[in-house]
Structure formats: C-alpha cells, structure tokens
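Undergrad: Quick check, what structure comes out for this input:
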Amino acid sequence: MSDIPAHKHCPVCGISIPPDEEFCSKKCEKQWNEMIKRKKKSATIMWALVGVLVALAVFMMFSPK
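TA: Numbers count the residues shown, from 1 in each chain. Next up, the predicted model:
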C-alpha cells in the first residue's frame, strides 16, 4: 500500500509521532491541558449566564405589574 510507517500527529503542533503517544513533548501536553481548562471555564461561564437569563425571564413573567 504505502511506505509511510504507522503514525499519528500531535494535536497541538501537528508533528508526526508514534501511534502509542499522545503528544510530541511535555510542552505540547501542557498547552493542550491549559486549552482544555480554558474551554471548560468558558463553557461554565456561558451556562451560568444562560441560567441567570432564564431566571430573570421567569421572574419578569411572574412579577406583579
């Protein structure tokens, strides 16, 4: 088929790595973990804001005029 050995690519920098490894270096692994942490924090903040907006809408619907 092909003369290319089995491999995959580092999800951070794209360098070719052996198939049993996840990252090419500790630096890339650290960057990946920091990115995941930022994404989780952003998602948490977004859902908190959605919850506040829903609560505000419900409060305004049922508040006396």
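Undergrad: switch to C-alpha atoms for all contacts and neighbour counts from now on
TA: Will do.
Undergrad: Could you list the low-confidence segments of this structure?
TA: 1 (pLDDT under 70).
Undergrad: Can you list the residue ranges for strands in it?
TA: For the chain, the strands defined by DSSP state E cover 8-9, 16-17.
Undergrad: Distance from the chain centre to the last one, please.
TA: A distance of 22 Å separates the C-alpha centroid of strand 16-17 from that of its chain, computed with C-alpha atoms, centre = their mean, to the nearest Å.
Undergrad: helices or strands up against that strand?
TA: Applying 3 or more C-alpha pairs under 8 Å, 6 or more residues apart in numbering; DSSP states H and E, one finds that strand 16-17 contacts strand 8-9.
Undergrad: again, but for the first one
TA: Judged by 3+ C-alpha pairs under 8 Å, 6+ apart, strand 8-9 is in contact with strand 16-17.
Undergrad: Pull the residues that contact the strand it packs on.
TA: H7, K8, H9, C10, F23, C24 (C-alpha atoms under 8 Å, 6 or more residues apart in numbering).
Undergrad: Look up the closest residue to the fourth one, ignoring the ones flanking it.
TA: Nearest residue to C10 in three dimensions, chain neighbours excluded: F23, at 5.0 Å (C-alpha to C-alpha, 6 or more residues apart in numbering).
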